[in-house]
Every structure is written in structure tokens, then in C-alpha cells.
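Visitor: here is my input, please return the structure:
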Amino acid sequence: MIIQLQKNISSADIKIIYQTLEAQKYSVTKVNTQFENYLICIGKVDIDIRNIGHLKGIKDIHRVSDSYKLVSRKWKTDYTKIDLGNNIIIGNGTPTMMAGPCSIESEEQVSKIVEHLVKNNIHIMRGGVFKPRSSPYAFRGLGIDGLKMMHQQCKKNNIKIITEVMQVSQIHEMIDYVDIFQVGARNSQNYNLLDALGEIDKPVLIKRGVSGTIEELLHSAEYIFSKGNERLMICERGIRTFETIYRNTFDINAIQVLKDKSHLPVIADPSHGIGIREYVPKIALASLFAGADGVIYEVHEKPEEAYSDGQQTLNFMESENLIAKINTVKELL
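Guide: Numbers count the residues shown, from 1 in each chain. Model (predicted):
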């Protein structure tokens, strides 16, 4: 059960609500976010919510059977929208595009990609500066200096930044230069990191784990919401299966299931989803028809020279062709 509290509720009214719930053998957890104040109530016996809803100080009350309460669609009729400012809104019914390289490599590289994004009316740039790599000898990013350089160029061109954070200690040094924090597949169950991201007022995109289930992804989002941050997105990026001919198995089913189970925006990552450049555009388009609120994909001027993931990265011409098709799909949708 979720109880939304009125913002001006008195401590005396809260005490009465707690006493009433505890008398019904319910445990109560208070959650204060940047938008609302909630009580998350867990009990073994269903009660008539009308016996609670009339109490002073309660704004609304919802019965939610899902174990992931706050991100569940069962209590929120409207889908969540993420407002990044400058009229950039994710989840407003028009698919949002995010594009950029796997890794930030140099100032020249960033400059050319920003120019490509501006030319094609894309307002969010992805790019990794802290890179989790399978091999310890692979390029692992330029770190905070690369992020500052990226921020400088993006800010001049009104481009928002999404980049991956890997550990709690990085949040503080990154926060002034990031518009969306990305939690990568390897960290989707790093609960210390999720807790810390719940304590900031910046949007967070959480990617599905490499072998993660849909419910595990939703529980990861619940960790962040329960710590106070409602500005969340979830991302389908493919999962590991027995198939070896492509990098991952992009779970197209998951997109609509996530839209039914959660009120959060759902973003598709076709680059990691299949890992083969020539197939990325088709998977991107398929994800939009399946109901995705946006697409995040990798682009580089010369993918064959990219420091990482060149095999799944579109060049500028391929990216422009995809953008044109997505614009057509937007009209159809």
C-alpha cells in the first residue's frame, strides 16, 4: 500500500496514521522525494483502505500488490515525464533520441559529434568517461577531465549529457557536468550506488543487467525512488542468452511489458542490444513501434577507429539515415 501525504501534514497527524497502521500489523517506511511525501506500508493482511484514507493529512491512498511499490503502474495513472529543461522532455509521447560515442576520446572527436547532433536536432549526447571493460587492458575512459571537456562543448550548443557513473565516490565530482546519470548493466544491482543516486536531484537511467530479469530491473529502480529520487528511466539493452551470433539478445517483449508494469519512461539501447552495426537501425525502429519512449545509440565519425565498441557504432551517414526514419516513425506514432 502507498499513502501520499499532504505536504503541510502535522507531526500529530503523522503519528495518528502510524499508530493506525501499526495496529493493523503494517510496517511503515517514510519516503520523501523532490516532489511528494509517501508512506510505504507492508502487511500480511489486506485491510479496507477506506479505514485509513479518511485520516487527516492523507492526500491519496493506493493498494499496490507489486513488491516494487513506487515504480509500479498500479498506483500512478499517468506516465512519468522527465523534464531536462530547454523544452527537452522524455516521456511526453514523442520519442527522444540520445546519441554519441561509446567512449569520449578527444576534444576533436567531441566537437565533430556535437556538430552532428546539432545538425540533426538531437539534444542529448551519450558518451562514456568511466568505462567498465571486460579486459583490464582495454581503454577505460578519460575520467573527469574528459567529462569536463565534453560538458564545455555540449553546454555551448545546448546539448544535454548522459554518461555512466560506476561508483558512489564519482557522483560528487560528476554532478555539475551531468544531466542524466547512467547506471550500466554491470552496476544495475550495485545497491550502494543506487541508494546514493536516490539522494540526488538528477535524472537517472538504469540499464537492465546482462542476465537480469524485468522484475530485477524494476527493483533496482525502486531502490533509487525509495531513497528520494523520482526522476528515473529504465533501459532495455539486451540480455545474455545461449545465442552467440550477436552480442546480446534484444528483448523487444520487455519494452511493452515494462510500459504495463511501470510508469517510468522506457529507453531502448539497440547498439548494445545486438552489437552489430548494420542491424542497429532496424532494432531501433522496432523498439519504437514496441512502445519505447526513446532510443540511445552509439555514433562516431569513423567507427572503425573508435577506441571501443566500433563494431556496433553507426557512422554519421548511417546515423542520419536512422534519424530520418525515426522522424517518419514519430509521425506514424
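Visitor: can we go C-alpha only for contacts and neighbour counts from here?
Guide: Fine.
Visitor: quick check: A268 touching I296?
Guide: Yes - with contacts defined as CA atoms under 8 Å, A268 counts as touching I296 at a distance of 6.2 Å.
Visitor: the more surrounded of these two?
Guide: For A268 and I296, the more surrounded residue by other CA atoms under 10 Å is A268, and the numbers stand at 32 against 23.
Visitor: for the stretch 201-333 of the chain, which segments count as helices?
Guide: All helices of the stretch 201-333 of the chain, identified by DSSP state H, counting those that start in this stretch, fall at 214-226, 252-261, 270-274, 280-289, 316-332.
Visitor: please produce TSV containing the ones you listed, extended by mean neighbour count and mean pLDDT.
Guide: Supplementary listing: those in TSV, determined by neighbours: other CA atoms under 10 Å; pLDDT from 0 to 100:
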stretch	mean neighbour count	mean pLDDT
helix 214-226	22	98
helix 252-261	18	97
helix 270-274	27	97
helix 280-289	20	97
helix 316-332	15	94
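Visitor: for I206, which of those is the nearest?
Guide: Of all the helices of the stretch 201-333 of the chain, helix 214-226 sits nearest to I206, with 7.0 Å by CA to CA.
Visitor: which residues are contacting that closest one?
Guide: The contact list for helix 214-226, computed with CA atoms under 8 Å, 6 or more residues apart in numbering, reads 31, 33, 67-71, 188-189, 191, 194-199, 206-209, 230, 232, 234, 254, 258, 262.
Visitor: list only buried entries from those residues.
Guide: Burial of the contacts of helix 214-226 was assessed by neighbour count (16 or more other CA atoms under 10 Å); the buried members are 31, 33, 68-71, 188-189, 194-199, 206-209, 230, 232, 234, 254, 258, 262.
Visitor: domains of this structure?
Guide: In the domain annotation for the chain, the residue ranges read 2-62, 82-332 (automatic domain parsing).
Visitor: ends of the last one, what's the gap?
Guide: As for domain 82-332, its first-to-last residue distance stands at 23 Å under the measure CA to CA, to the nearest Å.
Visitor: same check on the first one?
Guide: One end of domain 2-62 sits 5 Å from the other (CA to CA).
Visitor: about what we covered before: of all the helices of the stretch 201-333 of the chain, which lies closest to A99?
Guide: A99 sits nearest to helix 316-332 of all the helices of the stretch 201-333 of the chain, at 8.9 Å, using CA to CA.
Visitor: what comes into contact with the closest one?
Guide: By CA under 8 Å, 6+ apart, the list of residues contacting helix 316-332 from outside reads T94, P95, H116, N120, P281, L285, L288, V299, H300, E301.
Visitor: the residues you listed: which two are farthest apart?
Guide: Using CA to CA, those reach their maximum pairwise distance at T94 and E301, which is 26.9 Å.
Visitor: okay if I get the helices of the stretch 201-333 of the chain as a markdown table plus distance to I104?
Guide: What follows is the helices of the stretch 201-333 of the chain, written out as a markdown table (distance: least, CA to CA, whole Å):
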| stretch | distance to I104 |
| --- | --- |
| helix 214-226 | 27 |
| helix 252-261 | 29 |
| helix 270-274 | 16 |
| helix 280-289 | 21 |
| helix 316-332 | 16 |
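Visitor: tell me which of those helices sits nearest to N87.
Guide: When these are compared for distance to N87 using CA to CA, the nearest one is helix 316-332, at 17.3 Å.
Visitor: between that closest one and helix 280-289, how many degrees?
Guide: Orientation check (axes from the mean of the first three to the mean of the last three CA atoms, to 10 degrees): helix 316-332 against helix 280-289 gives 20 degrees.
Visitor: how far off centre is helix 316-332?
Guide: 22 Å (CA atoms, centre = their mean, to the nearest Å).
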